[in-house]
Every structure is written in structure tokens, then in C-alpha cells.
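**Q** Sequence plus the predicted model coming up.
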Amino acid sequence: MAKNIMIQGTMSNAGKSLLCAALCRIFKQDGYRVAPFKSQNMALNSFITEAGGEMGRAQVVQAEAAGIAPDVRMNPILLKPTTDVGSQVIVNGVVQGNMRAMEYYRRKREYIPAIMEAYESLAQEYDIIVMEGAGSPAEINLKQEDIVNMGMAKAVDAPVLLVGDIDRGGVFAQLYGTIALLEEEERARIKGTVVNKFRGDPSILEPGLRILEDLCKVPVVGVVPHVSVDIDDEDSLSERFSQKQERKLLDIAVIRLPHISNFTDFSPFERYENVSVRYVEQVGDLHHPDLLMIPGTKSTIADLAWLRQNGLEAAIQKTAAAGTLVFGICGGYQMLGRRISDPDQVEAAQVTEIAGMGLLDMETIFRGEKVQRQVRGTFEKVPGMLSGLEGAAYEGYEIHMGRSEETLPPLNHCKNVYGSYIHGIFDAPGISDTILKAICKQKGMEFEDITSYDIHTYKEQQYDKLADAVRSSMDMDYIYKILNREVP
């Protein structure tokens with residue numbers, strides 16, 4: 001069976017996911033077969049595997065760092081919020097239905113066999129399992145039925161590193177307070193603490209680190225610097241939504257829907273030096289983009305109603321009428337059609353039918369069975385502004401409850417408005433280049449002015465950069481001793 005180590009955090013967004021990715025990369029560099037694992041994840045940013053299963057994007061990133069294919073066993077439980085008090089529940093890649101929070105809380109012990117089966121099968125195939133917790137292990141109101149933090153660590157006898165985010169302030173209180181709230185058996189599992197996202201000279205922290213070690217009775221394993229790497233974020237906690245991006249030579253505006261999902265679809269455009277990607281929530285911030293994107297969403301009808309109420313729908317229609325390239329993905333694509341119907345209340349929205357924006361000639365009906373599959377092919381007969389995509393190879397994945405006309409092409413089109421169900425459509429070699437070249441031509445610019453890149457090489461460089469930063473700032477000899485059970 002594989003050796004294991006678990007990263008838990010003092011709070012959500014403490015940096016657990018990226019630290020796990022870094023350890024996956026480090027162990028891979030050191031010659032081990034390593035796999036990530038998170039028993040329960042809550043995120044709208046998901047992925048469809050080659051086998052057609054759905055899993056959280058964070059474990060996909062960690063699998064990429066480990067140099068292996070994503071597998072639903074790495075994230076056996078995925079919760080996709082549909083409302084403030086309910087989520088779609090996905091077990092080992094398959095939708096089980098929508099549940100209110102209290103219903104899931106009452107029933108989640110039913111899923112322990114599925115979690116353990118997934119973990120044990122991975123442990124038979126790999127040398128090391130890097131496990132990730134969720135939120136904080138000191139959520140004392142939820143500990144009784146815990147299956148993702150100390151409950152999971154106990155089930156597979158995993159040692160734990162506890163991570164605190166110094167960038168938010170109060171890191172010593174975070175770490176000590178979390179440990180103090182744990183039971184004695186749980187505290188014994190913590191073999192070290194990590195101060196994450198530090199900016200400055202680590203020697204300044206030394207007095208506090210020594211006091212923290214005395215209080216917590218475990219060593220500080222590392223002070224990890226704030227690392228500027230371009231690696232996909234897990235969910236809407238992403239810092240990119242709060243950043244005020246300056247407009248560059250080419251400007252892309254992405255509508256920041258309330259239930260936005262799979263926003264990593266737009267990551268390829270963020271890697272061009274002179275292209276800005278801005279997330280827009282109100283009409284006053286839209287301005288005059290060169291490309292307007294409408295992303296996927298877990299609540300298409302509710303988010304379309306939101307667009308209508310705050311004036312963004314009218315602004316999108318006006319932008320399209322002016323000849324600007326408009327592109328919708330999945331739920332955003334459905335919004336561009338004539339009508340959306342949900343007779344079976346699949347989305348649990350307040351209405352069962354809503355008029356679309358009328359920019360594409362199609363209608364969508366929601367059905368109970370989810371479409372989830374990987375797709376690949378070649379674009380054929382692409383008219384209009386993006387005719388340069390004709391003959392180009394694409395690949396990605398579909399993940400949606402709505403059904404539109406069966407004869408729709410992978411890239412639907414009407415004048416300067418395009419839409420597709422395919423997440424990841426911009427990732428294939430040459431796709432984003434071709435789209436930006438079309439915009440450059442429209443603006444009378446040279447494509448070379450914005451520069452391009454090779455996405456595979458770029459990703460590998462980013463994972464190595466992350467691994468180098470973590471390896472140099474953490475006591476890896478001690479971490480290997482933890483793995484080998486040499487630390488009492």
C-alpha cells in the first residue's frame with residue numbers, strides 16, 4: 001500500500017491545493033509514482049475524465065503536477081452548489097441528485113464505503129498518496145460526521161501537516177487555535193505546521209516560530225513564500241475575480257455570473273503578454289471589449305435573470321450589434337439562444353421557462369440526465385469572423401443538464417456571435433491564437449504584438465516553478481521522515 005501524507009488548513013483558501021500540487025510534483029521529480037486524493041470537494045470548477053466521470057478541478061491540477069491522468073477516484077465526492085443551501089452531489093464521477101445541506105449532512109456516512117474503495121484502489125497503484133483536507137479540521141460543529149479532515153486521516157492512518165495563511169494575518173493564532181480545538185488523538189496526527197504565502201524576510205518570523213513550536217509541540221516545517229505561478233485556481237475564491245485588470249492591446253471581458261463555473265476555460269487568454277482578461281459584474285465596468293465571453297454556470301436560468309435585471313443582457317446585445325465578437329460556453333451558450341425551459345425543475349429555479357437573448361437560433365430544455373463526456377474532433381464549415389478555425393483540431397469536455405438541438409455543430413454561429421458546449425475548447429494548440437488573430441485583423445493590428453506561447457511547455461514550467469519554491473522553503477528531509485513513519 002502507498003505511503004500517505006495529508007495537508008490540512010486552518011481555513012478555506014489557505015493554499016492547501018497548491019501545496020498538494022507542489023508535493024505531487026516534488027515526489028514525481030524524486031522518482032515516485034504519486035497520486036492526489038481529496039475525499040470530498042465543494043466547487044463549481046469541475047472536469048470530465050476520459051472515462052466520462054466528473055471530478056473537482058483542483059485534483060486535476062494535482063494529477064497534472066504528478067504527471068498522471070485525472071481519475072475520479074482522486075475526488076470521490078464532489079458537491080456543486082446549486083443554491084445557498086443545496087448542492088448537486090456527485091459520487092465517483094456520477095450524479096446522485098440535488099440535496100439540501102442538512103440532508104447531505106445526515107446521509108454522508110453512506111458514502112464512506114465509496115470513499116474508502118476509491119482511496120484503497122489508488123493506494124494499490126501508487127507509491128505515495130498526497131491527501132488534501134477541506135476548510136478547517138476545527139469546525140467543531142461538523143466534526144461528528146467528518147469524512148474529509150481528521151476523520152479521513154484516521155481512516156487511513158495519515159500524518160498531517162497543518163497550513164496557515166499569513167497573507168490574511170493572524171497566522172500564529174490560526175495555527176495554535178486550530179490545534180487547541182482538536183481532540184488529543186487528532187493533535188497527535190499533526191506532525192508539523194506550515195506558514196504559507198509569506199512576503200518578506202523569513203528571519204523576521206523566527207521568534208514567533210519558536211514560540212509557536214513550544215505551544216503546539218510540533219516543528220514549523222516551512223515558511224513558504226507567496227509564489228507567483230500561473231496555475232488554475234479551484235473555485236470562485238480565486239483572486240482573479242477581485243483583481244482590477246488594466247485594459248491592454250486586446251481586451252477580453254468575461255461576465256462574472258453569480259454561479260460561474262469552469263472559469264478556467266479562459267485561462268489560455270491570460271497567458272498572452274498584451275491581452276487583458278477582465279471579470280465584469282456591472283454595466284459600468286464593461287466598456288468596449290474586443291471579445292466578450294459568457295461563461296458556464298450551475299444555475300443558467302437564475303443567472304440569465306440576473307443579467308436581465310442588472311442591465312448586462314441589454315449591454316451584451318448592444319455589444320453584439322456593434323460587431324464585437326461574443327462567445328458563450330455551456331450555460332453562457334444556452335443564454336444566447338431563443339429560449340430555455342426547465343419543466344422538471346432540474347435547476348430548482350423559481351421559474352421553469354425564460355426567454356434567451358435571441359442572438360443564436362436555438363432553444364434549450366433541461367432534462368434529468370447529465371451529459372458528461374470528453375470530446376474531440378475537427379471544426380468544419382466555420383463561417384464569419386472565426387473562419388480561420390475551419391479544419392483546426394479541438395478537444396475538451398461537455399458537462400451540462402440542458403439539451404439543445406441535436407444537430408448543432410461543436411461551434412454554433414450567427415454573424416459575430418459564437419457558442420459551444422465544450423469546456424476547454426480554447427486549450428487545443430492554435431485555437432486561442434486563431435481567435436486572437438481574427439480580432440487583431442479586425443483592429444488592424446499585428447498578431448506578433450501580443451505574443452503567443454506553447455501551453456504544454458508553459459504548464460510544465462509553472463509546476464516546476466511551484467515545486468522549486470516549495471522544495472527550497474520546506475524541510476523535505478523531515479517530510480520524508482513523516483512519510484516513512486520515522487516521526488513519532
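**A** Arrived safely.
**Q** On the three-state scheme, Arg278 is what?
**A** Here Arg278 is recorded as strand under DSSP: H, G, I helix; E, B strand; the rest coil.
**Q** Next up, the contacts around the nearest residue to it once chain neighbours are set aside.
**A** Using C-beta to C-beta, 6 or more residues apart in numbering and skipping the chain neighbours, the partner closest in space to Arg278 is Gln245 (4.5 Å). (C-beta placed from N, C-alpha, C; glycine too.) Going by C-beta atoms under 8 Å, 6 or more residues apart in numbering, Gln245 touches Ser276, Val277, Arg278, Tyr279.
**Q** Distance check, Asp285 against Ala101.
**A** For Asp285, the distance to Ala101 equals 33 Å [C-beta to C-beta, to the nearest Å].
**Q** For Ile255, see how far away Gly356 is.
**A** Note on Gly356: its distance to Ile255, by C-beta to C-beta, is 14 Å.
**Q** So for these two, which residue has more residues nearby?
**A** Counted by other C-beta atoms under 10 Å, Gly356 and Ile255 do not tie: Ile255 has more neighbours, with 24 against 19.
**Q** What strands line up against the longest strand along the chain, and which way round?
**A** Taking DSSP state E as the criterion, the chain has its longest strand at strand 363-378. The strands beside strand 363-378 in its sheet (DSSP bridges) come out as strand 339-341 (parallel), strand 393-403 (antiparallel).
**Q** gap between the longest one and the chain center?
**A** Counting by C-alpha atoms, centre = their mean, to the nearest Å, strand 393-403 is centred 17 Å from the centre of its parent chain.
**Q** and if you look at the first one?
**A** Between the mean C-alpha point of strand 339-341 and the mean C-alpha point of its chain there is a distance of 28 Å (C-alpha atoms, centre = their mean).
**Q** which residues touch it?
**A** With contacts defined as C-beta under 8 Å, 6+ apart, strand 339-341 is touched by 300-301, 304, 334, 352-356, 363-366, 402.
**Q** redo that, cut-off 10 Å
**A** Outside strand 339-341, the residues that touch it by C-beta atoms under 10 Å, 6 or more residues apart in numbering are 300-301, 304, 331, 334, 347, 349, 351-356, 358, 362-366, 402, 404.
**Q** show me where pLDDT drops low in the stretch 301-450 of the chain?
**A** Counting by pLDDT under 70, the stretch 301-450 of the chain has low-confidence residues at 348, 405-407.
**Q** how about 90 then?
**A** For the stretch 301-450 of the chain, the stretches with pLDDT under 90 are 343-352, 367-371, 381, 400-410, 413, 429, 448-450.
**Q** And the helices in it?
**A** With helices called from DSSP state H, counting those that start in this stretch, the stretch 301-450 of the chain shows them at 312-321, 331-335, 431-443.
**Q** Buried deepest among these, which one?
**A** Compared across the helices of the stretch 301-450 of the chain, helix 331-335 shows the largest average neighbour count, a mean of 29 (mean count of other C-beta atoms under 10 Å).
**Q** Tabulate the contacts of Gln245 (a markdown table), appending pLDDT.
**A** As requested, these are exported to a markdown table (pLDDT from 0 to 100):
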| residue | pLDDT |
| --- | --- |
| Ser276 | 94 |
| Val277 | 94 |
| Arg278 | 94 |
| Tyr279 | 94 |
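**Q** continuing past the helix or strand where Val60 lies, what's the next helix or strand?
**A** Following DSSP states H and E, the helix or strand that holds Val60 is helix 57-66. Sequence-wise, the next helix or strand downstream of helix 57-66 (DSSP H and E) is strand 77-83.
**Q** Export only the CA atoms of that following strand, formatted as CSV.
**A** What follows is strand 77-83, C-alpha atoms only, in CSV (Å, rounded to 0.1, in the frame of the first residue of the first chain):
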residue,chain,number,x,y,z
ILE,A,77,-17.3,13.1,-3.6
LEU,A,78,-17.9,16.4,-5.4
LEU,A,79,-20.5,18.9,-4.2
LYS,A,80,-21.6,21.5,-6.8
PRO,A,81,-23.6,24.3,-5.1
THR,A,82,-26.9,24.9,-6.8
THR,A,83,-28.3,27.3,-4.2
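**Q** how far off strand 363-378 does the following helix or strand past that strand point, in degrees?
**A** The helix or strand immediately downstream of strand 77-83 is strand 86-91, counting by DSSP H and E. For strand 86-91 against strand 363-378, the angle by axes from the mean of the first three to the mean of the last three C-alpha atoms, to 10 degrees is 40 degrees.
**Q** tell me the mean pLDDT over strand 86-91?
**A** Mean pLDDT, computed over strand 86-91, is 92.
**Q** So in that sheet, which strands flank it, and in what orientation?
**A** Neighbouring strands of strand 86-91 in its sheet, by DSSP bridges, are strand 77-83 (antiparallel), strand 94-100 (antiparallel).
**Q** So which bits of the first one are buried?
**A** Spelled out, it's strand 77-83. Neighbour counts using 16 or more other C-beta atoms under 10 Å place Ile77, Leu78, Leu79, Lys80, Pro81, Thr82, Thr83 of strand 77-83 among the buried residues.
**Q** Please list all residues in contact with Gly93.
**A** If you count contacts by C-beta under 10 Å, 6+ apart, Gly93 has them with 46, 48-49, 51-55, 71-73, 75-76, 78, 118, 372.
**Q** Which pLDDT value belongs to the residue nearest to Arg278?
**A** Confidence at Gln245, expressed as pLDDT, is 72.
**Q** Next: Val163.
**A** Here, the pLDDT recorded for Val163 equals 98.
**Q** what's the longest helix seen in the chain packed up against?
**A** Ranked by residue count under DSSP state H, the longest helix found in the chain is helix 455-473. Counting by 3 or more C-beta pairs under 10 Å, 6 or more residues apart in numbering; DSSP states H and E, the packing neighbours recorded for helix 455-473 are helix 16-29, helix 57-66, strand 190-198, strand 220-225, helix 267-270.
**Q** could you point out which element follows the first one?
**A** Toward the C-terminus, helix 16-29 is succeeded by strand 34-37 as the next helix or strand (DSSP H and E).
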